[in-house]
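[1] just need the structure, nothing else, for what follows:
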Amino acid sequence: MGVLVLGRTLRVGEVLRYSSTKDPAVAMLEGFPNFYYVTDTPGQKRALLEAGINGIAKLKTEEGLQRPAVLIRSAPWKAGSEQTPWHDVFDLDNGHVRYFGDHKAGLTKAPGTTLGNSVLLDAFDGHQAPTQEQRAAAAPLLLFRSATRNGKVKGFVEFCGVGLIERAERVLQWSGHERTTFTNYVYDLAVVDLTAEDDRLDWDWIAARRDPAVSTADVLDRAPEAWREWVKHGHSVLPRVRRRVARSKVVKVPEQRPEPGSKDAVDLMTVYKRFDDDKHAFEGLASAIAARVMRGAGSSYVEGWLTRRSGDGGTDFVGRLDIGSGLAGTKLVVLGQAKCVKPDTLINAEQIARVVARLRRGWIGVYVTTGSYTVPAQVEMVEDQYPIVLINGSDLVKELRTIAIEDHGGDLKASMEDLLARDTLSITSRRPEEILLA
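    Residues are numbered from 1 along each chain as shown. Modelled structure (predicted):
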């Protein structure tokens, strides 16, 4: 087994110095990580970014010839030029890159036979492989784009993540002063999620892929978690393993639930049992909790009314959020949905979308439940910029516990009954916008 490089990582969004000296001995250059130091693999040729598409040489393994990786480099400052007439798209927040191949106007060879296109089409075959064994051998794409630092447009690169090819197609492009046409390839790449690795790629994985003495199983053990998932299940899991910045804003289901056996878990079950057969009463409790959450964020909030049991159109309570005052203020309608369900119940994206569908421009939604929200539901909410506040069972019981301590000596049941005994909320069929006149 060869020597592996440990502890050298590439972080998504990090800019590295890509110098002409190509010296791997120095860790930092001009205050930036040295690309050649990070990617150094003892006994192997340097990894390079001299071209747009840089395939590391294939090696012979027990399974046959395999390419360790392909390094992709995009130069935004060249986009639209006669030399590089195309415009690559890097949408890292949504895990998508659209990258053009290296065929150019004036070349007589077929588009798929240029050096770069042939490397990517070969990688595409591996990325579309039907078996787990074939996908394990597929070459990962390491994505970079040129960055401007210290007033220089050359000599610096930004690491953009690990990708695989979803689609490859031929396109017709314009180029040159005479605007001649030529055929090229364009590739749609999926950027995989590196959240489990703190948005970092350990070069040890690539070094292991370059060592024929390292078994396929050992190589895969060093791969990012999302890459291993893709190898195991194929393209069906791409929606789950694709990089999504929205995921950094979501709360995993276990974190939305009280610790099993804890005081909060007991309290949450108490709330559920109290309102399981009286869901309309839970709507009053949800309205009060929503008001506390809104006011706790420093906003002025007015509780309005509860809707009738039937024909509520997906709205259980109405409130109003007041921002500013006088001419420098405005009022926003708040539509609330309350769901008293078993604490282990999950609220999905479709259920949240029903509330959002009721919102008019400038309105806000609030969803209060004794359950939890699925990760896909939260991701959809963030990505589609839904104007809705989500209050889960854990947050609900914490607010109730605070009320109990403040006003009822810690008696949770007494605090709930007191909230329900209030006569400030009427049950009506009024239109939500009437709250703006109150």
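[2] list the contacts of Ile165.
    Leu120, Ala123, Phe124, His127, Gln128, Leu141, Tyr187, Asp188, Leu189, Ala190 (CB atoms under 8 Å, 6 or more residues apart in numbering). Every C-beta, even on glycine, is put in place using the N, C-alpha and C of the backbone.
[3] tell me which strands the helix or strand it falls within pairs with, and in which orientation.
    Per DSSP states H and E, Ile165 falls inside strand 156-175. With DSSP bridges as the test, strand 156-175 is paired with strand 15-17 (antiparallel), strand 141-146 (antiparallel), strand 180-191 (antiparallel).
[4] those: lowest mean pLDDT?
    Among the strands paired with strand 156-175, strand 180-191 has the lowest mean pLDDT, at a mean of 91.
[5] only the buried subset of the contacts of Ile165, as a ChimeraX command please.
    If you want just the buried ones from the contacts of Ile165 in ChimeraX, going by 16 or more other CB atoms under 10 Å, the selection is:
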select :120,123,124,127,128,141,187,189,190
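[6] same list, the contacts of Ile165, but as TSV with distance to Ala223 please.
    Shown next, in TSV, are those (distance: CB to CB, whole Å):
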residue	distance to Ala223
Leu120	20
Ala123	16
Phe124	19
His127	14
Gln128	18
Leu141	13
Tyr187	21
Asp188	22
Leu189	17
Ala190	15
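[7] from the contacts of Ile165, which single one is nearest Thr270?
    Nearest to Thr270 among the contacts of Ile165, counting by CB to CB, is Ala190 at 45.5 Å.
[8] surely the closest one touches Asn94?
    No: counting by CB atoms under 8 Å, Asn94 is not a contact partner of Ala190; they are 10.0 Å apart.
[9] name the residues contacting each of these two.
    By CB under 8 Å, 6+ apart, Ala190 and Asn94 have these common neighbours: Arg242.
[10] picking that back up, let's see the strand holding Ile165 as PDB, backbone CA atoms only.
    Provided in PDB are the C-alpha atoms of strand 156-175 (Å, rounded to 0.1, in the frame of the first residue of the first chain):
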ATOM      1  CA  PHE A 156      -6.100  31.600  -7.600                       C
ATOM      2  CA  VAL A 157      -8.800  29.000  -7.700                       C
ATOM      3  CA  GLU A 158     -11.900  28.500  -5.600                       C
ATOM      4  CA  PHE A 159     -12.900  24.900  -4.600                       C
ATOM      5  CA  CYS A 160     -16.600  24.400  -5.500                       C
ATOM      6  CA  GLY A 161     -17.200  20.800  -4.400                       C
ATOM      7  CA  VAL A 162     -17.500  17.300  -5.700                       C
ATOM      8  CA  GLY A 163     -19.800  16.500  -8.700                       C
ATOM      9  CA  LEU A 164     -21.100  13.900 -11.000                       C
ATOM     10  CA  ILE A 165     -22.700  14.100 -14.400                       C
ATOM     11  CA  GLU A 166     -26.500  13.900 -14.700                       C
ATOM     12  CA  ARG A 167     -26.800  14.700 -18.400                       C
ATOM     13  CA  ALA A 168     -24.600  15.300 -21.400                       C
ATOM     14  CA  GLU A 169     -25.900  16.800 -24.600                       C
ATOM     15  CA  ARG A 170     -24.700  18.300 -27.900                       C
ATOM     16  CA  VAL A 171     -25.300  22.000 -28.400                       C
ATOM     17  CA  LEU A 172     -24.700  24.400 -31.200                       C
ATOM     18  CA  GLN A 173     -22.700  27.500 -30.300                       C
ATOM     19  CA  TRP A 174     -21.500  30.700 -31.900                       C
ATOM     20  CA  SER A 175     -17.900  31.900 -32.000                       C
END
